[in-house]
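>>> Okay, predicted coordinates and the sequence, questions at the end:
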Amino acid sequence: MKRLHRLCITGGSALVAALSLTAAPLASAQAYPNKPVKIIVTFPPGGTPDIYGRVLAQELSGLWKQSVIVENKTGASGTIGTDFVAKAAPDGYTLLFAADASVTIAPNLLATPYNPLSDLTPIINVASGPFVMLATPSFPANDVKGLIAMARQQPGKITYASSGAGGQQHLSMETVKAMADLNITHIPYKGFGQGVNDVMAGHVPLIFGGISASIQMTKSGKLKALGVTSATRSKALPQVPAIAETLPGFRIEAWYGLMGPQDLPKDLVKKIHDDVLAIMKKPEFMDRLGADAMDAIGNTPEEFAAQISTDLGQWSKMIKASKIKLE
């Protein structure tokens, strides 16, 4: 405001310049987008973040009449891609389809080069959903209760895969281990696709997968489900027990939302938010979420920011209580 005041008192031409500066954000939102938009997905193809990042990109391409391109920037629990967006120009042409693993979990485990509360702009939380504990069909246990019994008889001999150290798949099993006092060995992979391929091949018996990716794998018989991480059973997999039925109080669900770099203008935030919300209200989009056992969120940027702050605190408590550390 001080800068605007100084411009106004120097003369008419300065006043015109000042008014044009204040009008620039609105004009940019009206013209946006006038070139391709890039959405960064921080995990490899095949997992839930990639699936819904691409669904959203396709819908936005149609709405905006402009190319919306998904780019997978993976590694370090999603922090590489997240940091890329945090340092991008705040013009709306580089966005992040964020999974909470890199926004609320990684900062509690790693010295991330970004602060999720100050270096990113929340736009809209799109959806959330649980994970599924998956096993090779030949694995002797058929539920978490059976797994616990096996693990206690064979401490350290059972292994599990994850999409990488520090992600929800890793923390889901580590929380099971902590709550049940188990010794199960972690084998991290560079993404869910690599890990689940080895589980299907029988090299590693267990992995947690996002609900969307897990449904088809279990229906096809390639893997079997031992438990879901939601507080109650999933409507999409009603025959699969909730892990909380064996370990009361267990609950881990992931969210997937759109974010931008810090200082993204409010008018752009509003436009992108409103356009994504319109897509979310389409019956076909809601049907897709329902089929994948995902819950639509669609909150405001302010509500999304508050959620991120709350989740950071909750993950901090959970990680400390479970004594989880990166290997």
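Looks like it arrived, so ask away.
>>> May I have the strand with the most length in the chain exported as CSV, CA atoms only?
Using DSSP state E, we find that the single longest strand of the chain is strand 120-135. C-alpha atoms of strand 120-135 as CSV (Å, rounded to 0.1, in the frame of the first residue of the first chain):
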residue,chain,number,x,y,z
LEU,A,120,3.2,-23.6,-1.6
THR,A,121,-0.3,-22.2,-2.4
PRO,A,122,-3.2,-24.5,-1.6
ILE,A,123,-5.9,-24.4,-4.3
ILE,A,124,-8.3,-27.3,-3.8
ASN,A,125,-8.2,-30.7,-2.2
VAL,A,126,-9.7,-33.0,-4.8
ALA,A,127,-10.2,-36.4,-3.2
SER,A,128,-9.1,-38.7,-0.4
GLY,A,129,-9.1,-42.5,0.0
PRO,A,130,-7.6,-45.3,2.0
PHE,A,131,-4.8,-47.8,1.2
VAL,A,132,-5.1,-51.5,0.9
MET,A,133,-2.6,-54.1,2.3
LEU,A,134,-2.0,-56.4,-0.7
ALA,A,135,-0.3,-59.8,-0.8
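>>> Direction included, what does that strand pair up with?
Take DSSP bridges as the rule and strand 120-135 pairs in its sheet with strand 206-210 (antiparallel), strand 224-228 (antiparallel), strand 253-261 (antiparallel), strand 295-296 (antiparallel).
>>> List the contacts of the second one.
In other words, strand 224-228. 130-137, 139, 141-144, 146-147, 206, 211, 214, 218, 234, 237, 240-243, 245-246 (Cβ atoms under 8 Å, 6 or more residues apart in numbering). Using the backbone N, CA and C atoms, a C-beta is placed for each residue, glycine as well.
>>> Narrow these to those in strands?
Among the contacts of strand 224-228, the members found in strands (DSSP E) are P130, F131, V132, M133, L134, A135, L206.
>>> Go ahead and confirm the fourth one touches L206.
Yes: if you go by Cβ atoms under 8 Å, M133 and L206 touch, sitting 6.7 Å apart.
>>> Pull up the overlap in contacts between these two.
Contact criterion Cβ under 8 Å, 6+ apart; residues bridging M133 and L206 by contacting each: L147, M173, L226.
>>> Among the residues you listed, which one has the most neighbours?
When neighbours are taken as other Cβ atoms under 10 Å, the top entry among these is L147 (28 neighbours).
>>> Need the per-residue pLDDT for it.
pLDDT, L147: 98.
>>> who's in contact with it?
Contact analysis of L147 by Cβ under 8 Å, 6+ apart lists M133, A141, I158, L206, L226.
>>> returning to what we had before: okay, the strands paired with strand 120-135, which one's buried deepest?
Comparing those by mean neighbour count (mean count of other Cβ atoms under 10 Å), strand 206-210 ranks first with a mean of 28.
>>> Quick one: residues in contact with that strand.
47-49, 129, 131-135, 139, 147, 158-162, 168-169, 172-173, 184, 192, 195-196, 199, 217, 226, 229, 254.
>>> switch the cut-off to 7 Å
Surrounding strand 206-210, the residues in contact under the criterion Cβ atoms under 7 Å, 6 or more residues apart in numbering are 47-48, 129, 131-135, 160-162, 169, 172-173, 192, 195-196, 199, 217, 254.
>>> before we move on, what about stretch 104-120?
With contacts defined as Cβ under 7 Å, 6+ apart, stretch 104-120 is touched by 77-79, 82-83, 86, 103, 166, 168, 171, 259, 261-262, 308-309, 311-312, 315-316, 319, 326.
>>> Separate out the buried members of these.
Burial by neighbour count, 16 or more other Cβ atoms under 10 Å: within the contacts of stretch 104-120 this picks out 77-79, 82-83, 86, 103, 166, 168, 171, 259, 261-262, 308, 311-312, 315, 319.
>>> how many neighbours does A76 have?
Residues lying near A76 (other Cβ under 10 Å) number 18.
>>> Ok, the one 5 residues further on next?
Applying the criterion other Cβ under 10 Å, we find 24 residues in the vicinity of G81.
>>> go on, V85?
Count around V85 with other Cβ under 10 Å applied: 26.
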